[in-house]
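[1] Requesting a structural model of the entry that follows:
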Amino acid sequence: MSSTLSTPPSAAPLVALAQVRKRYNPGRPNEAEVLHGVSLTLGRGEFAALIGPSGSGKSTLLNILGLLERPSSGSYRIQGEEMVGLDDAGLTLRRRRTLGFVFQFHHLLPAFSALENVTLPVLMREGRVDRAAQERARALLQAVGLGEAMHKRPGELSGGMQQRVAIARALVLSPPLVLADEPTGNLDRHASDEVFALLRRMHAELGTSFLIVTHDPRLAARCDRLIELVDGRIEHDGAAAGHPGTQEPR
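    Sure thing, here's the model as predicted:
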């Protein structure tokens, strides 16, 4: 892969949650606490799965990590900087600098080509797409196997190809961490395996950290680290099946 896509190595932790709680409708009769003092760290170069039954708080935890929701209490640091207390503009700035997102549904703009969809985060952050950003987007589309399809619109691509575009889009700003919410959940088994293999390759080649929410035990077992959330608490955090070693409790 071209050095255009390289990312400097770093051993510093990327994100750290400490005793994070999330309550909805506080002070009302229907108040509910979804996360109960969650502490979790993710470092550079990790490839982790977040699993748990429906209603365990996975989506809420992912939204807090993605700066899409605020914790009710606790600390959340990204690269050592506290996020709690930042205003909306500050959170948006950190989100664009630090995080990439891949969702179950690709959310590509149907009127835009694959290349235009990949460069959209650059346009939103910088207000323009310069030559360097264009070249990085092209290199990423080549890397995900869509070099010949970069000028096609989403409607001309298969579901797996559309998700490949979404992965390239998530990486175009070189985020140190990509949060993937059921990235293969809308694909058949063959396309799912292809997309997962691509995530693993991007992780290996770029050094980007990935946290993947999945209900698929096959895919979870192929991650390096397995984090299980049950009833708003981390029930297990350690090496996934097939990967030696353990993680310290978090």
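
[2] outside of the helix or strand of the chain with the lowest mean pLDDT, which residues touch it?
    When the helices and strands of the chain are compared on mean pLDDT, DSSP states H and E, helix 189-206 comes out lowest with a mean of 85. Helix 189-206 has contacts (Cβ atoms under 8 Å, 6 or more residues apart in numbering) with 1, 5-7, 45, 47, 143-145, 158-160, 163-164, 167, 171, 174, 180, 183-184, 187, 208-210, 212, 216, 219, 222. C-beta coordinates here come from the backbone N, C-alpha and C atoms, glycine included.

[3] Name the next helix or strand following that helix along the chain.
    Downstream of helix 189-206, the first helix or strand assigned by DSSP states H and E is strand 209-213.

[4] Give me the mean pLDDT for that following strand.
    Averaging pLDDT along strand 209-213 gives 93.

[5] And for stretch 30-47?
    Mean pLDDT, stretch 30-47: 93.

[6] That stretch: which residues count as buried?
    Val34, Leu35, Val38, Leu40, Thr41, Leu42, Gly43, Arg44, Gly45, Glu46, Phe47 (16 or more other Cβ atoms under 10 Å).

[7] Give me the most central residue, this structure.
    The centroid of the chain falls nearest to Leu179 when counting by Cα atoms, centre = their mean (1.1 Å).

[8] Hmm, Arg169 and Leu120 touching each other?
    Yes. Here Leu120 reaches Arg169: they are 6.6 Å apart, a contact under Cβ atoms under 8 Å.

[9] what angle do whichever strand or helix holds Ala139 and helix 189-206 make?
    Take DSSP H and E as the rule and Ala139 turns out to sit in helix 131-143. Angle of helix 131-143 versus helix 189-206, following axes from the mean of the first three to the mean of the last three Cα atoms, to 10 degrees, is 130 degrees.

[10] for whichever helix or strand comes after helix 131-143, which positions count as buried?
    Of the helices and strands lying after helix 131-143 in sequence (DSSP H and E), the nearest is helix 159-171. Judged by neighbour count using 16+ other Cβ under 10 Å, the buried positions of helix 159-171 are 159-171.

[11] JSON lines for those, including distance to Ser113?
    Listed next are these as JSON lines, based on distance: Cβ to Cβ, whole Å:
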{"residue": "Gly159", "distance to Ser113": "17"}
{"residue": "Gly160", "distance to Ser113": "18"}
{"residue": "Met161", "distance to Ser113": "13"}
{"residue": "Gln162", "distance to Ser113": "12"}
{"residue": "Gln163", "distance to Ser113": "16"}
{"residue": "Arg164", "distance to Ser113": "14"}
{"residue": "Val165", "distance to Ser113": "9"}
{"residue": "Ala166", "distance to Ser113": "14"}
{"residue": "Ile167", "distance to Ser113": "16"}
{"residue": "Ala168", "distance to Ser113": "12"}
{"residue": "Arg169", "distance to Ser113": "12"}
{"residue": "Ala170", "distance to Ser113": "17"}
{"residue": "Leu171", "distance to Ser113": "17"}
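
[12] quick one: which of those is nearest to Gln19?
    Of all those, Ala170 has the smallest distance to Gln19: 29.1 Å, by Cβ to Cβ.

[13] Wait, that closest one touches Val102, no?
    Yes. Ala170 is in contact with Val102 according to Cβ under 8 Å; the separation is 4.9 Å.
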